[in-house]
Structures are given as structure tokens and as C-alpha cells.
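Undergrad: Pasting the sequence and the predicted coordinates here, then a few questions.
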Amino acid sequence: MRSKSAVEIFSYWNALRGNNEVPSRDQIEPAHIRTLLADLLILEHRADDEIRFRLAGTRICALFGRELRGSRFDALWAGEQSAKVERLLKDILAQKLPVSLSAVALAGRSDRLPTEVVLLPLRSSEGHVNRILGAIVPLTRPLWLDATPANYLDLTGIRVLDVTKAAPFLQSRPEITLPPIPPRSDQLGLGDALRRVLHLRVFEGGRAK
């Protein structure tokens, strides 16, 4: 991970997790991460099978120029990537995988802003893994950013974060780079998409039980 906010949110999530696969939403104390709240997001996989924002920090909303609470997370992504990101979110929850994404925020006609997204599964108070804690963090702050909101995110890479390492944000599995226009594959989950669509090596195993 390249941004300080993403590293700190992942480290906080990993500390809460302890020996469990994922931490509980009830363990999160906003006062403990108050400096991160502007970049923070919480997503919920709802009963209607949609994944929507329960919370979006002020800098995330400012990046897109609108309030995001209640909106679909996959709607932030360009073109056919929307369906790919929805499948990715469901795999993160089903497989309890912490993931970071590399993306480019597309604004105006030509402005492109490198951006990092971290997505970390959470357990609800009822015991279901149906929440995601994360962040969307631009890697630079160009002068136009405050005046020109981003329209979409363009996904460029996926990395599964290795929680078994002493410094997981430094020793995560190599990023899998995506082609500029990913091929359509409606029936593939995260693992199959990485193997069959991207034709790249997938690093298996190593996740704490």
C-alpha cells in the first residue's frame, strides 16, 4: 500500500482482528481512528443483494462531489468494471480477504488521479460477514481536485493483503495488474477471474485461520 491512510486503516483492522479471520463492526471505536475518518468508508451487503455505502468520509464525498451514503459502491466504477467490482466485493466477504486496489480517478475530460482503495471484511453484530471497512485515498492532491469532482474510478490492479506477515502492508502478495479494458466475464468470482480472465499467476494460501 502506498498511502498513509490506507496503511493505518489496515493496521487498525488487523489489530482488531487478533486471532480471528475478521473483526466485528462493534469493535470499531471512531475516537481511536479520528484522524482517518475523512477517508473512511463502511459498506454493507444488504438483504436485496446490493452493496451500498453505510458511511463515506468527507474527503471521499468531496472527491466525487456528492453525498455517497446509501449509494451503490459499484456505481463508482467505469463501464463493465462495475460488475467486476460487485463480484470482487462479494468474494472479499465470502472468502474473508483483505484487498487493496489500484485505480485512477477520472475527472473532467482528461484529468486522471492515481488513487488507492483498501477493502477489509467485517462481521456484523449478528455474526454475519456482510460489512466492509475501507478507504478511498488519492495519492496526490492536484490543484484542480477541489474544483473538479471525479466521475468514475478506473480499476488498474488488485492485491490480496497477507495478514500473516510481521509487516503485511510491506510484504503483501504482488499486485495483479489489470488490462485497460478488462474482458467481460459475468460468471467468474475473484479467484477464477484472476486465473481465467487475466491469465496471471495467483498466489494461494497463507491466510490465518
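TA: Thanks, I have it.
Undergrad: Confirm for me that V104 is in contact with D111.
TA: No: with contact defined as Cβ atoms under 8 Å, V104 does not count as touching D111 (9.9 Å). Placement of C-beta: from N, CA and C, glycine included.
Undergrad: higher neighbour count, the two?
TA: V104 (19 against 15; other Cβ atoms under 10 Å).
Undergrad: What backbone torsions are found at A31?
TA: Reported as degrees, to the nearest 10, the phi and psi values for A31 are phi -60, psi -30.
Undergrad: Longest strand of the chain, counting residues only.
TA: For the chain, the longest strand by residue count, based on DSSP state E, is strand 111-123.
Undergrad: Could you list the buried residues of that one?
TA: 113, 115-123 (16 or more other Cβ atoms under 10 Å).
Undergrad: and that strand, how far out from the chain's middle?
TA: From the chain centre to the centre of strand 111-123 is a distance of 4 Å (Cα atoms, centre = their mean, to the nearest Å).
Undergrad: Show me what the helix or strand that comes right after it is packed against.
TA: Scanning forward in sequence from strand 111-123 by DSSP states H and E, the next helix or strand is strand 129-138. Packing partners of strand 129-138 (3 or more Cβ pairs under 8 Å, 6 or more residues apart in numbering; DSSP states H and E): helix 4-17, strand 40-45, helix 58-64, helix 81-95, strand 111-123.
Undergrad: got these as JSON lines, with mean pLDDT and distance to D74 columns?
TA: Converted to JSON lines, those look like this (pLDDT from 0 to 100; distance: least, Cβ to Cβ, whole Å):
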{"stretch": "helix 4-17", "mean pLDDT": "93", "distance to D74": "20"}
{"stretch": "strand 40-45", "mean pLDDT": "97", "distance to D74": "10"}
{"stretch": "helix 58-64", "mean pLDDT": "95", "distance to D74": "14"}
{"stretch": "helix 81-95", "mean pLDDT": "95", "distance to D74": "4"}
{"stretch": "strand 111-123", "mean pLDDT": "95", "distance to D74": "12"}
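Undergrad: Could you provide those in TSV, with additional columns for distance to R25?
TA: Shown next, in TSV, are the helices and strands packed on strand 129-138 (distance: least, Cβ to Cβ, whole Å):
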stretch	distance to R25
helix 4-17	10
strand 40-45	8
helix 58-64	18
helix 81-95	13
strand 111-123	5
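Undergrad: Of all those, which one comes closest to T156?
TA: Ranking the helices and strands packed on strand 129-138 by proximity to T156 (Cβ to Cβ) places strand 111-123 first, at 8.7 Å.
Undergrad: Counting by contacts, list what the closest one packs against.
TA: By 3+ Cβ pairs under 8 Å, 6+ apart, strand 111-123 packs against helix 4-17, helix 81-95, strand 99-107, strand 129-138, strand 150-160.
Undergrad: Highest mean neighbour count out of those?
TA: Scoring the helices and strands packed on strand 111-123 by mean neighbour count under mean count of other Cβ atoms under 10 Å gives strand 129-138 as the most buried, with a mean of 23.
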